[in-house]
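S.K.: Sequence first, then the predicted structure, then my questions.
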Amino acid sequence: MRIDIADLSFIGHDLKRPECVLCMPSGRLYVAHRGGGILRIEPDGSQALLSWQMPAGGHDFIPNGFALMPDGTFLIANMGHDGGVWARRPGGKVEPYLMEADGERLAKANFVFNDEQGRVWITVTTRSDPLSKAMTGLGQPELKDGFICMVDGKGARIVADGFAFTNEARIDPGGGFFYVVETQGRRITRFRLGASGDLTGRETFANFGHGTFADGMAFDAEGHLWVTSIVSNRLFRIAPDGKADLVFEDGNPEHVARVEGALSDGSVSREHFYMKSGTRVQNVASIAFGGPDLRTAYLGSLAGDTLPAFQSPVAGLPLPHWKYGDNGVGA
């Protein structure tokens with residue numbers, strides 16, 4: 001399966017770090033927006049920031065992954081210095097949702113999602129500060145200090161630990177497996193998911209090599225996992241047996257070599273992953289399926305100011321919010 005990058009269309013304008021995208025059945029999109037929280041894009045192309053009322057005091061807030069709950073609350077992972085997962089309530093009030101679990105601070109909360117059982121899953125990239133400490137070269141010793149926590153009716157707890165730059169996570173269509181991206185580990189790790197939320201049987205599902213920095217992912221209706229790569233602007237579709245098919249690539253080999261070199265010699269910084277290098281897409285960080293038939297794929301990014309989109313030959317897997325919608329979100 002191949003997607004021609006010339007066939008991409010573009011939605012939205014003046015976006016700021018649109019890392020994560022949520023699609024609604026109505027055609028409405030919600031997009032992470034640095035400095036403003038979450039931006040709404042209507043089917044007619046009009047867009048507006050949702051109201052945003054932070055508590056008093058200075059807060060370093062970089063909205064990363066986010067999820068929509070049944071009551072209209074957005075849960076937002078904060079990659080800024082304050083970290084944690086924050087709740088944006090209907091009406092605009094923003095307050096901490098979870099700042100620590102089992103005594104561990106969620107210092108670099110990366111991604112959050114809810115499942116069909118109402119549980120909330122949170123990935124924390126690293127315990128290290130600055131973030132660049134968790135960035136290592138291909139083949140070098142990995143800093144495995146990222147973790148995953150889960151919130152259910154019993155509270156919050158860490159359910160898995162020891163990841164090399166924990167990124168997005170998903171549950172497979174059958175509900176039996178839990179997948180997590182280890183960006184600097186150059187792999188996707190898989191667990192068996194128990195009824196109580198326990199993660200067991202850890203194994204490597206897919207490995208990546210030079211220039212691939214897996215970031216976001218989403219399942220399609222056939223059980224294949226679509227995975228994006230920042231820096232190289234690659235998009236993969238991975239079969240249930242772990243075989244990866246490169247769907248498209250819009251990278252600059254010289255830029256990829258610079259980033260790989262900076263990782264190897266220890267000069268890497270966070271800014272290496274915000275540089276623009278593609279001809280049509282810029283640091284593709286996530287993928288979300290939308291449209292009335294879930295066949296429109298939208299690509300979030302770290303450096304773009306608009307959302308690339310394409311028509312997928314396979315429908316995406318609907319997420320929980322597809323059922324209850326966004327009527328409670330408000331302005």
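M.R.: Great, that's in hand.
S.K.: surely Arg270 meets Leu131?
M.R.: Yes: with contact defined as Cβ atoms under 8 Å, Arg270 reaches Leu131; the gap is 5.5 Å. For every residue, glycine as well, the C-beta is placed using N, CA and C.
S.K.: So which of those two has more stuff around it?
M.R.: Leu131 (17 against 12; other Cβ atoms under 10 Å).
S.K.: if I look at Arg270, how far off is Ala109?
M.R.: Distance from Arg270 to Ala109, counting by Cβ to Cβ, to the nearest Å: 16 Å.
S.K.: which residue ranges form the helices in the stretch 101-250 of the chain?
M.R.: With helices called from DSSP state H, counting those that start in this stretch, the stretch 101-250 of the chain shows none.
S.K.: pLDDT below threshold where in it?
M.R.: Within the stretch 101-250 of the chain, no range satisfies pLDDT under 70.
S.K.: Strands of that one, start to end?
M.R.: 104-105, 109-114, 120-124, 146-152, 155-163, 166-171, 177-182, 187-193, 199-207, 213-219, 225-230, 234-238, 244-249 (DSSP state E, counting those that start in this stretch).
S.K.: so which of these comes closest to His255?
M.R.: Nearest to His255 among the strands of the stretch 101-250 of the chain is strand 225-230 (11.1 Å), distances taken as Cβ to Cβ.
S.K.: Okay, now the sheet partners of the closest one, with direction.
M.R.: Strand pairing for strand 225-230, determined by DSSP bridges: strand 213-219 (antiparallel), strand 234-238 (antiparallel).
S.K.: Any chance of JSON lines for the ones you listed, columns mean neighbour count and distance to Pro141?
M.R.: Formatted as JSON lines, these follow (neighbours: other Cβ atoms under 10 Å; distance: least, Cβ to Cβ, whole Å):
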{"stretch": "strand 213-219", "mean neighbour count": "24", "distance to Pro141": "18"}
{"stretch": "strand 234-238", "mean neighbour count": "23", "distance to Pro141": "25"}
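S.K.: Kindly reformat those strands as CSV containing distance to Cys20.
M.R.: Formatted as CSV, the strands paired with strand 225-230 follow (distance: least, Cβ to Cβ, whole Å):
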stretch, distance to Cys20
strand 213-219, 8
strand 234-238, 16
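S.K.: Out of these, which is closest to Leu317?
M.R.: Of all the strands paired with strand 225-230, strand 213-219 comes closest under Cβ to Cβ, at 4.2 Å.
S.K.: Please list the outside residues in contact with that closest one.
M.R.: For strand 213-219, the external contacting residues (Cβ atoms under 8 Å, 6 or more residues apart in numbering) are 20, 167-168, 170, 172-173, 179, 181-184, 186-188, 208, 225-232, 273, 284-289, 300, 316-317.
S.K.: hmm, 6 Å instead?
M.R.: 167-168, 170, 173, 181, 183, 208, 225-231, 285-287, 316-317 (Cβ atoms under 6 Å, 6 or more residues apart in numbering).
S.K.: what bridges to Ser286?
M.R.: Gly300.
S.K.: wait, what's in contact with it?
M.R.: Going by Cβ under 6 Å, 6+ apart, Ser286 touches Cys20, Gly216, Thr228, Gly300.
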